[in-house]
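Asker: The following comprises the amino acid sequence and a computationally predicted model.
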Amino acid sequence: MKRTLVKDALSCPAPLDAVLLQGWVRTRRDNKTFSFIELNDGSCLKSIQVIADATLPGYGHIEKVTTGASIEVRGKLVASKGAGQTWEVIAESFTVVGEADATFPLQKKGHTLEFLREIAHLRPRSNLFGAVFRVRSRLAFAIHQFFQEKAFVYVHTPIITASDCEGAGELFRVTTLDAKAPPLREDGAVEFERDFFRRSTYLTVSGQLEAEVFACALSNVYTFGPTFRAENSHTSRHASEFWMIEPEMAFCDLGGDMDLAEEFVKYLIRDVRSHCAADLEFFGKFVDKELLPRLDFVLERPFQRCSYTEAIAILETCGKKFEYPVAYGANLQSEHERYLTEEHFKCPVTLYNYPKEIKPFYMRLNEDNRTVAAMDVLVPGIGEIIGGSQREERLEIIRANLAAHKLPEKDYAWYLDLRRYGTVPHAGFGLGFERMLMFVTGVANIRDVIPFARTPGVAEF
C-alpha cells in the first residue's frame, strides 16, 4: 500500500477504507479500552488523531508508542467525532518503527528558542520549526519561479573566490597550508603561491561580480546560493553563513532595478500568503500577532521612493530621539529605517542615491559626483531587506574607484574587461534569504530560520 501523507489525509474529500500513515508520535492518551495517538509526519502543521483499540493485535506494545517514537499505522480514514478536526484514523494495525525513551527532549511542553538551538537536530519536529522550514522551502521555490517566469537565467557562481566583492575584508580564508608551519617568504609573509590555488582564496561574500559577467552575455540572470561573512557580530540579524538571491540585468538603470526589487518583495509575500496559510496563521498566533496585518500592509501599499538626502532631512527634523545619531554620510540604522516605514511614510520605502563614501567600488557615480546610484528597499518591522545599485559601466571611473578603495587592479582585470569589451548599463540587487524569512514568519532571530546556524563560536552539527 502506498503511504499517505498527513496533509493529504486531512484534506481528503471522502473517507478511505484503507490508509497507511507513517510518522512521529506527538502524544498518546490511554483509556481503558483504547488509546488516542497524535501523529505528525512534518507534511503540515496539524497532526492526525489515530484511535487504537485495545483488541488490536500487538496492543500490548502500546507503551512503546511514546512521544518521539516513529510508528506505522494501517487503518480506515473516517469522519472525526472530535471537535476541531475533520478526519481521524481507526487503526487496524500499528508498528513501532523506532522507539524513543523518556530522555527524548521534545516532550509536549513549552521550550525556549535558546534550548531548541542546542538540539538543532531535533527541533524540526517542533511545531514552530516545522512551520519555519516548510515556509523556507516554499519561499525558495517562489524565488526560482519569479525569475524563471521573467526568463532570467539561473547562474551558479563560485563559492571559493579570490575577490572581495564588498571590499570589507571580512572573509573566511580557504587554504590547505599547514596552519602550524605555513611556508614563509623572506619577509616573513605567508607564501600563498604554494597554496592549493596558488594564491589567497576565500569563501564568497557575494556572487554579484560573477553574475555581472553572465548578465553581460545573457542579459538577465540571477544567483541563489550560500555566502559567508567573517564578521564578529552577535546580533539577531547577522549570521556567518547565509543565502543570497542576486539578480543582475543588462541594459538596466537604477529605476528598473527599483521596479524589479519592489515587485519581487510583493511577489514573495503573496506566494507564501497563498501557499503557507496554515503556517502563517500559526506564526500570527504564537510568534508575532502583528505579522499578517504587516504582510498585508506591504502587499496593499505602493512603495514610497525617497532619496537618502531627503531621508536624512526627515530624520533630523522629526523630533524623535534615536539611539544612533543621524548624520549625512553615515549609514542608516534599523531604527531609522523602521521610523521611515512605520511612522513617517506609513508604507514600504525605497531609498536611493547614497553618498559615494559609504558604498562599494562598483556602484555607478551620479552626475553630482557626490552620490552613487544605490538603493535599499525598507519594510516595516525589519528595515532594509534589499540592497542594490546600478553598476559603474565606465572603465576609467571604475578604475579610479578601485584605486580609491585600495583594491589592486590586477585582481579585477577580468571585471575591467567587461567595461572594455561591449560595456552596457547594468544593475542588480541582493536579497538576504534569511532576512526575508524573518520578515514573512515574524521570527526575530536569524538563528531560527536557518537549519544549522553558523555564528561566531557556533558551528555544531
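Answerer: Here it is on my side, so go on. Numbers count the residues shown, from 1 in each chain.

Asker: And the strands in the stretch 351-461 of the chain?
Answerer: Listed in chain order, the strands of the stretch 351-461 of the chain (DSSP state E, counting those that start in this stretch) span 371-379, 383-390, 426-432.

Asker: Now mean pLDDT, mean neighbour count and distance to R123 too, for those strands, in JSON lines please.
Answerer: Heads up, the C-betas are built off the backbone N, CA and C, glycines and all. Below are the strands of the stretch 351-461 of the chain laid out as JSON lines (pLDDT from 0 to 100; neighbours: other Cβ atoms under 10 Å; distance: least, Cβ to Cβ, whole Å):
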{"stretch": "strand 371-379", "mean pLDDT": "97", "mean neighbour count": "25", "distance to R123": "27"}
{"stretch": "strand 383-390", "mean pLDDT": "95", "mean neighbour count": "23", "distance to R123": "25"}
{"stretch": "strand 426-432", "mean pLDDT": "97", "mean neighbour count": "24", "distance to R123": "22"}
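
Asker: Give me the sheet partners of the top strand by length along the chain and which way each runs.
Answerer: Secondary structure assigned by DSSP state E gives strand 16-30 as the longest strand of the chain. Counting by DSSP bridges, the strands paired with strand 16-30 are strand 34-40 (antiparallel), strand 70-79 (antiparallel).

Asker: tell me the mean pLDDT for that strand?
Answerer: Mean pLDDT, strand 16-30: 97.

Asker: Of all the strands paired with strand 16-30, which one comes closest to T157?
Answerer: Nearest of the strands paired with strand 16-30 to T157, taken as Cβ to Cβ: strand 34-40 at 37.9 Å.

Asker: going on from the closest one, what's the next piece of helix or strand?
Answerer: Following strand 34-40 in sequence order, the next helix or strand is strand 48-53 (DSSP states H and E).

Asker: what's in contact with that next one?
Answerer: 6, 9-10, 21, 33-40, 59, 62, 65, 73, 75, 80, 82, 85, 87-91, 94 (Cβ atoms under 8 Å, 6 or more residues apart in numbering).

Asker: L268 contacts L139, correct?
Answerer: Yes. Counting by Cβ atoms under 8 Å, L139 is a contact partner of L268 at 6.3 Å.

Asker: Determine the residues that are contacts of both of the two.
Answerer: Counting by Cβ under 8 Å, 6+ apart, the contacts common to L268 and L139 are M436, V440.

Asker: which parts of the helix or strand encompassing R136 are buried?
Answerer: Under DSSP H and E, the secondary-structure element containing R136 is helix 127-149. Under the neighbour-count criterion of 16 or more other Cβ atoms under 10 Å, helix 127-149 has 128-136, 138-139, 142-143, 146-147 buried.

Asker: quick one: which of those residues is nearest A54?
Answerer: Taking these together and measuring to A54 by Cβ to Cβ, the closest member is G130, at 31.0 Å.

Asker: Against E281, how distant is the closest one?
Answerer: Look at G130 and E281: by Cβ to Cβ, to the nearest Å, they are 14 Å apart.

Asker: sorry, back to before: would you put the C-alpha positions of the longest strand of the chain in PDB?
Answerer: The C-alpha coordinates for strand 16-30 follow below in PDB (Å, rounded to 0.1, in the frame of the first residue of the first chain):
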ATOM      1  CA  LEU A  16     -10.900   5.900   2.800                       C
ATOM      2  CA  ASP A  17     -11.300   2.200   3.600                       C
ATOM      3  CA  ALA A  18      -7.500   1.700   3.700                       C
ATOM      4  CA  VAL A  19      -4.800   4.100   4.500                       C
ATOM      5  CA  LEU A  20      -1.100   3.800   5.500                       C
ATOM      6  CA  LEU A  21       0.400   6.600   7.700                       C
ATOM      7  CA  GLN A  22       4.000   6.800   8.900                       C
ATOM      8  CA  GLY A  23       5.300   9.500  11.200                       C
ATOM      9  CA  TRP A  24       6.300  10.500  14.700                       C
ATOM     10  CA  VAL A  25       4.200  10.400  17.800                       C
ATOM     11  CA  ARG A  26       3.400  13.800  19.400                       C
ATOM     12  CA  THR A  27       1.300  12.400  22.300                       C
ATOM     13  CA  ARG A  28      -0.600   9.300  23.400                       C
ATOM     14  CA  ARG A  29      -3.600   9.200  25.800                       C
ATOM     15  CA  ASP A  30      -4.900   5.900  27.100                       C
END
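
Asker: Setting aside sequence neighbours, what's the nearest residue to V97?
Answerer: Closest residue to V97 apart from its sequence neighbours, by Cβ to Cβ, 6 or more residues apart in numbering: S70 at 4.3 Å.
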